[in-house]
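Q: Task: produce atomic coordinates for the following.
(chains A and B)
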Amino acid sequence: DAGVTQSPTHLIKTRGQQVTLRCSPKSGHDTVSWYQQALGQGPQFIFQYYEEEERQRGNFPDRFSGHQFPNYSSELNVNALLLGDSALYLCASSSGGTASDFGPGTRLTVT
Amino acid sequence: AQSVTQLGSHVSVSEGALVLLRCNYSSSVPPYLFWYVQYPNQGLQLLLKYTSAATLVKGINGFEAEFKKSETSFHLTKPSAHMSDAAEYFCAVSFSNAGKSTFGDGTTLTVKP
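A: Modelled structure (predicted):
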């Protein structure tokens, strides 16, 4: 039984570009949360999706947007990339509750 | 508002010694509290969670944590450290058992042979 999977593993983008990160939740989970983890810091909540809608949002600008599909998988989109967006992006899934299973993350580097 | 403070960004213990990782929280409502572990180049793994039931919570890998409301603390302990416990540990607080969690900055645990 696969856990939370994320793609790609690593990504290098240039300032101003746009990026899409993908997440497949653990089997049986219907809720997906996204977190940004800067180097040496704890994860910061970006937003959570449930029933294909954004249920909660953290303190991130509108450049960060997302989507959840009918199969519960999710995408995180970041527009107009800044150097400060370089981080590990974590996807977490749960069955309605707080994130219990995290994926391995996508390492985004913005140059 | 909610926040988490992890005291000590680095903790070093000898193999077999007691592990104590400190976490203090701030929450305007009864909190849900969590401890996660992160190994290098991996995601987070839930060790244990407090959801207003028993104040002493037992988790995986021999870890446990005690919720102390009077001290607003949720420290993580393990009686005997193992080399495989070396990792980054994060404490997190949430308003509910769903939704946003606020994480501390983490504590790096080193285990010396």
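Q: Just give the nearest non-adjacent residue to the residue nearest the centre of chain B, would you?
A: Nearest residue to the geometric centre of chain B (C-alpha atoms, centre = their mean): B:W35, 3.5 Å. In this structure, B:W35 finds its nearest non-sequential neighbour in B:L47, 4.4 Å apart by C-beta to C-beta, 6 or more residues apart in numbering or on different chains. Bear in mind the C-beta positions are built from the backbone N, C-alpha and C, glycine included.
Q: The one you found looks like it's in a strand, true?
A: Yes. Under DSSP: H, G, I helix; E, B strand; the rest coil, B:L47 falls within a strand.
Q: Any idea which residue is closest to the centre of chain A?
A: Closest-to-mean residue, chain A, C-alpha atoms, centre = their mean: A:W34 / 3.6 Å.
Q: mind listing what B:P79 touches?
A: Contact analysis of B:P79 by C-beta atoms under 8 Å, 6 or more residues apart in numbering or on different chains lists B:L18, B:V19, B:G62.
Q: ok now the helix or strand of chain A with the lowest mean pLDDT, how far from the chain's centre?
A: Least confident element among the helices and strands of chain A, by mean pLDDT, DSSP states H and E: strand A:101-102 (a mean of 87). How far strand A:101-102 lies from its chain's middle: 12 Å, per C-alpha atoms, centre = their mean, to the nearest Å.
Q: Strand partners (parallel or antiparallel) of the next helix or strand after it?
A: The helix or strand immediately downstream of strand A:101-102 is strand A:106-110, counting by DSSP states H and E. Strand A:106-110 pairs in its sheet with strand A:10-13 (parallel), strand A:87-94 (antiparallel), by DSSP bridges.
Q: what's in contact with stretch B:64-77?
A: In this structure, residues lying in contact with stretch B:64-77 by C-beta under 8 Å, 6+ apart are B:18-26, B:33, B:35, B:47-48, B:50, B:55-59, B:63, B:78, B:89, B:91.
Q: starting at the chain centroid, how far to that stretch?
A: 9 Å.
Q: list the buried ones in it?
A: Neighbour-count burial for stretch B:64-77 flags B:E64, B:A65, B:F67, B:S73, B:F74, B:H75, B:L76 (criterion: 16 or more other C-beta atoms under 10 Å in any protein chain shown).
Q: and the residues you listed as TSV, adding secondary structure?
A: Below are the buried residues of stretch B:64-77 laid out as TSV (three-state DSSP):
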residue	secondary structure
B:E64	strand
B:A65	strand
B:F67	strand
B:S73	strand
B:F74	strand
B:H75	strand
B:L76	strand
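Q: Perfect, that will be all.
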